[in-house]
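Undergrad: The following block contains a protein sequence and its predicted model.
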Amino acid sequence: MAENTPFIGAVNVTSPDVKCPGCGASSGLKFDPVSSKIICPFCGQSSPLPRPGATPAVQELDFNSALQRANVDWGRAKKLIICTNCGGETIYDAEQITGACPFCGSTSVTPAAENPQIMAPNGIIPFSVSKDMTQQCFLNFLKRKHCLVKSVLNSRLENVVGIYLPFWTFDTYTVSSFSGEYSSSERFTSVWNQYMDDVIIYASNKTIHPFISKVQNYDFTKIVPYSPEYLAGIPAERYTIGLNEGWERTKIQIKKTLEYDIWKKNRSKFYFNKLLGTNYYNVKFRCLLAPMYLATYRYGRKTFQVAINGQTGEAFCPAPTYIGRLAPLIITMSIVFLALTLFLIVYLYTHAS
């Protein structure tokens with residue numbers, strides 16, 4: 001992963017529609033995850049934003065009428081930037097100057113043609129973990145690793161980038177038919193009803209980071225209605241997996257969940273054979289932005305990627321362990337043990353005869 005070049009001036013230039021109530025400045029305003037406030041870098045005045053849980057719940061939208069209800073207003077002028085190196089697509093304020101792709105660090109970024117049909121999110125999970133807190137989140141994860149090489153704890157996060165990532169969530173009632181058997185001669189079919197709540201689908205096929213799925217366990221009770229102020233100073237990736245494709249992926253995920261739940265809850269009663277089919281009713285969805293930190297760390301000659309949930313602080317990354325170092329010794333000892341065992345068997349056999 002290339003190094004992430006910092007954003008030019010490390011500020012987000014906001015729309016003139018969003019101004020500091022103290023000095024009237026419209027540039028450099030930033031969202032602070034710890035205080036949940038917009039902070040002006042010029043006069044220092046801060047303006048509080050609604051905290052998660054302090055506003056009415058973000059309602060799901062009806063899937064069948066999505067085309068009529070889709071919101072395409074992001075709240076202020078936006079521009080879409082495409083990285084020519086990794087293909088990442090990021091949404092910024094129209095006036096913002098950016099020097100790098102937040103995913104791969106490349107400075108080869110170009111504006112993309114506008115698409116007025118890109119749906120704006122109807123909800124957002126704000127950052128509650130600050131960039132300064134990510135190092136501790138990283139160390140907390142490492143300390144829970146088994147057989148960790150202790151010197152890894154001296155590593156420091158590098159190229160830390162905070163970004164809002166796009167997700168779909170789906171709710172639906174399911175009615176499924178399945179087959180089972182009490183014995184080889186007693187087979188049957190039956191019906192299984194189950195409500196699926198907040199099935200989450202990552203709505204991008206551009207980001208190549210491998211560990212996002214490991215830390216996307218968000219608390220959906222903390223969703224707030226989308227407001228562009230939460231994006232002050234923080235880029236947001238545009239979704240590239242549309243609503244229909246997201247629903248098709250959701251059905252695959254739901255099928256796996258149903259098969260597991262039917263098997264787990266009935267394994268003592270009968271043998272679950274297979275799911276025959278599922279009907280979906282009252283499908284609801286939300287288009288969300290959720291916070292994520294992407295980073296790297298170096299150990300020895302290797303560079304490892306890190307993903308940190310910007311709401312919960314949950315982290316994931318590969319880490320060197322003693323198991324890798326002990327593997328050659330274990331293999332050697334196993335070979336020696338087998339050789340000695342064979343020798344002992346041959347020796348006892350020849351002397352017994």
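TA: Looks like it came in fine.

Undergrad: elements contacting the one helix or strand residue 178 maps to?
TA: Assessed by DSSP states H and E, residue 178 sits inside strand 158-183. For strand 158-183, the packing partners by 3 or more C-beta pairs under 8 Å, 6 or more residues apart in numbering; DSSP states H and E come out as strand 186-202, strand 236-237, helix 243-266, strand 271-299. All C-beta spots, glycine's among them, are computed from the backbone N, C-alpha and C.

Undergrad: which parts of it are buried?
TA: 159-172, 174, 176, 178, 180 (16 or more other C-beta atoms under 10 Å).

Undergrad: what sits opposite residue 278 in the beta ladder?
TA: Assessed by DSSP bridges, residue 278 has beta-bridge partners residue 176.

Undergrad: Quick one: residues contacting it.
TA: 174-176, 251, 254-255, 258 (C-beta atoms under 8 Å, 6 or more residues apart in numbering).

Undergrad: Of all the helices and strands packed on strand 158-183, which one is nearest residue 23?
TA: strand 236-237 (26.3 Å; C-beta to C-beta).

Undergrad: What is the least confident helix or strand in this protein?
TA: Using mean pLDDT, DSSP states H and E, the weakest-scoring helix or strand in the chain turns out to be strand 109-111, at a mean of 56.

Undergrad: Please enumerate residues in contact with the following helix or strand past it?
TA: Next in sequence after strand 109-111, counting helices and strands by DSSP H and E, comes strand 123-124. With C-beta under 8 Å, 6+ apart as the test, strand 123-124 has contacts from 58, 164, 223-227, 230, 286-290.

Undergrad: Okay, domains of this protein per the record?
TA: What automatic domain parsing lists as the domains of the chain is 55-78+116-320, 323-353.

Undergrad: so which of those gets nearest residue 41?
TA: Here domain 55-78+116-320 is closest among the domains of the chain (C-beta to C-beta), at 9.6 Å.

Undergrad: what about residue 140, which helix or strand?
TA: Residue-wise, residue 140 maps onto helix 134-143 under DSSP H and E.

Undergrad: for residue 335, that is, sorry about that
TA: Going by DSSP H and E, residue 335 is in helix 322-352.

Undergrad: how far is that helix from where the chain is centred?
TA: 46 Å (C-alpha atoms, centre = their mean, to the nearest Å).

Undergrad: go on, stretch 128-136?
TA: With C-alpha atoms, centre = their mean, you get 16 Å for stretch 128-136.

Undergrad: same question for that stretch, mean pLDDT?
TA: For stretch 128-136, mean pLDDT is 95.

Undergrad: send the alpha carbons of that stretch over as CSV?
TA: Extracted in CSV, the C-alpha atoms of stretch 128-136 (Å, rounded to 0.1, in the frame of the first residue of the first chain):
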residue,chain,number,x,y,z
SER,A,128,-17.1,8.7,17.8
VAL,A,129,-13.5,7.5,17.7
SER,A,130,-10.9,10.3,17.0
LYS,A,131,-7.8,9.8,14.9
ASP,A,132,-5.7,10.2,18.1
MET,A,133,-7.5,7.2,19.7
THR,A,134,-6.8,4.8,16.8
GLN,A,135,-3.3,3.8,18.1
GLN,A,136,-4.9,2.5,21.4
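
Undergrad: what does stretch 131-149 rub up against?
TA: By C-beta under 8 Å, 6+ apart, stretch 131-149 touches 129, 152-153, 156-157, 160, 162, 293, 295, 297, 299, 306, 308, 313-317, 319-323, 325.

Undergrad: Buried ones only from the residues you listed, please, as a ChimeraX command.
TA: To isolate the buried ones among the contacts of stretch 131-149 in ChimeraX, judged by 16+ other C-beta under 10 Å, type:
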select :129,152,157,160,162,293,295,297,306,308,313,314,315,316,317,319,320
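
Undergrad: Thanks again, I'm all set now.
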